[in-house]
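**Q** sequence and predicted structure below; questions after.
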Amino acid sequence: MTTGLTSNAVTRLLATIGRTSLGALAGIGRIVLFALSTLRHMVTPPFYLREFTQSLINVGFLSLPVVGLTALFTGGALALQIYSGGSRFSVEAVVPQIVAIGMVRELGPVLVGLMIAARVTASVAAEIATMKVTEQIDALVTLSTHPMKYLTVPRVLAGLISVPLLVAVGDIIGIFGGWLLATQSLGFNPATYLQNTVNFLEPSDIISSLAKGAAFGFIATLMGCYYGMQSGRGAQGVGNATKSSVVAAAILILAANFILTQAFFAI
């Protein structure tokens with residue numbers, strides 16, 4: 001009797017694991033197919049320039065304040081932490097170099113990507129999900145307008161173009177935040193600090209930062225569009241789509257960051 005109950009419990013557990021694994025693989029497959037379809041529609045007409053321009057403003061320009069403030073405070077905190085830790089080994093002088101490489105290689109792209117996920121992905125998912133609930137997407141189809149070309153392509157293309165620029169701005173502001181704290185509070189010479197920063201950074205650091213920005217922008221906007229398109233009906237469907245899009249974008253950005261770091265800097 002006990003053996004039979006144990007066998008049934010194991011069978012149910014394995015069945016649950018199997019269903020979960022198959023569901024996860026199916027979800028990944030749908031996202032990959034959606035991404036491939038988006039890339040295909042990017043290179044075929046028609047193009048909706050007005051939608052692209054509005055998306056560029058929303059994703060790029062309107063994200064500047066949150067990106068700038070995040071980078072500024074992060075750069076200052078990073079400089080303070082490095083100085084505090086370096087003082088234990090009498091290597092306080094490495095603050096400019098470590099702040100520069102930390103912001104450009106890692107913190108700048110990742111923080112910008114997560115801020116875009118929090119701000120843009122949620123907005124895109126909620127907007128498209130609401131359009132689906134109110135049957136505006138069906139109206140687009142009725143008017144012979146492909147929803148993916150009109151809604152997805154402009155937003156994803158805007159993410160590909162504007163997020164690398166935001167990352168560049170974030171890197172500069174983050175380094176400035178470190179410079180500001182180091183020169184005003186830690187006694188560093190302003191000119192020497194900047195010279196050490198410039199001398200230490202290499203072209204590969206900047207290229208990797210911009211490449212990460214493009215990848216993160218693609219992921220963030222794609223997840224917003226995908227979950228918006230897959231939204232269920234009603235207010236609860238919109239809420240679930242928004243929540244799922246942000247979670248998926250954040251996880252994929254961190255995973256992509258690891259993969260890209262391995263690709264650029266693996267020894």
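**A** It's in. Numbering: from 1, shown residues only.
**Q** need the contact list for residue 225.
**A** 34, 38, 124-125, 128, 151-152, 155-156 (CB atoms under 8 Å, 6 or more residues apart in numbering). In short, each C-beta sits where N, CA and C put it, glycine included.
**Q** which residues are in contact with residue 190?
**A** 179, 183.
**Q** same thing but at 7 Å, please
**A** Contacts of residue 190 were listed using CB atoms under 7 Å, 6 or more residues apart in numbering, and they are residue 183.
**Q** from residue 201, how far out is it?
**A** 17 Å (CB to CB, to the nearest Å).
**Q** could you do residue 153 as well?
**A** 35 Å.
**Q** comparing those two, which residue is more hemmed in?
**A** residue 153 (28 against 19; other CB atoms under 10 Å).
**Q** how far does the helix or strand that one falls within sit from its chain's centre?
**A** Element membership for residue 153, per DSSP states H and E: helix 153-185. The chain centre lies 13 Å from the centre of helix 153-185; the measure is CA atoms, centre = their mean, to the nearest Å.
**Q** how about stretch 101-114?
**A** What separates the centre of stretch 101-114 from the centre of its chain is 10 Å, taken as CA atoms, centre = their mean.
**Q** show residues contacting that stretch.
**A** Counting by CB under 7 Å, 6+ apart, 67, 70-71, 74-75, 78, 163, 166-167, 170-171, 174-175, 200-201, 205-206, 208-209, 212-213, 216, 220, 250, 253, 257 sit against stretch 101-114.
**Q** so which bits of it are buried?
**A** By 16 or more other CB atoms under 10 Å, the buried positions in stretch 101-114 come out as 101-114.
**Q** report the two of those residues separated the most.
**A** 101 and 114 (19.6 Å; CB to CB).
**Q** out of the contacts of residue 225, who's nearest residue 139?
**A** Nearest to residue 139 among those, with distances taken as CB to CB, is residue 151, at 12.1 Å.
**Q** in contact with that closest one, which residues?
**A** With contact taken as CB under 7 Å, 6+ apart, residue 151 is in contact with 128, 225.
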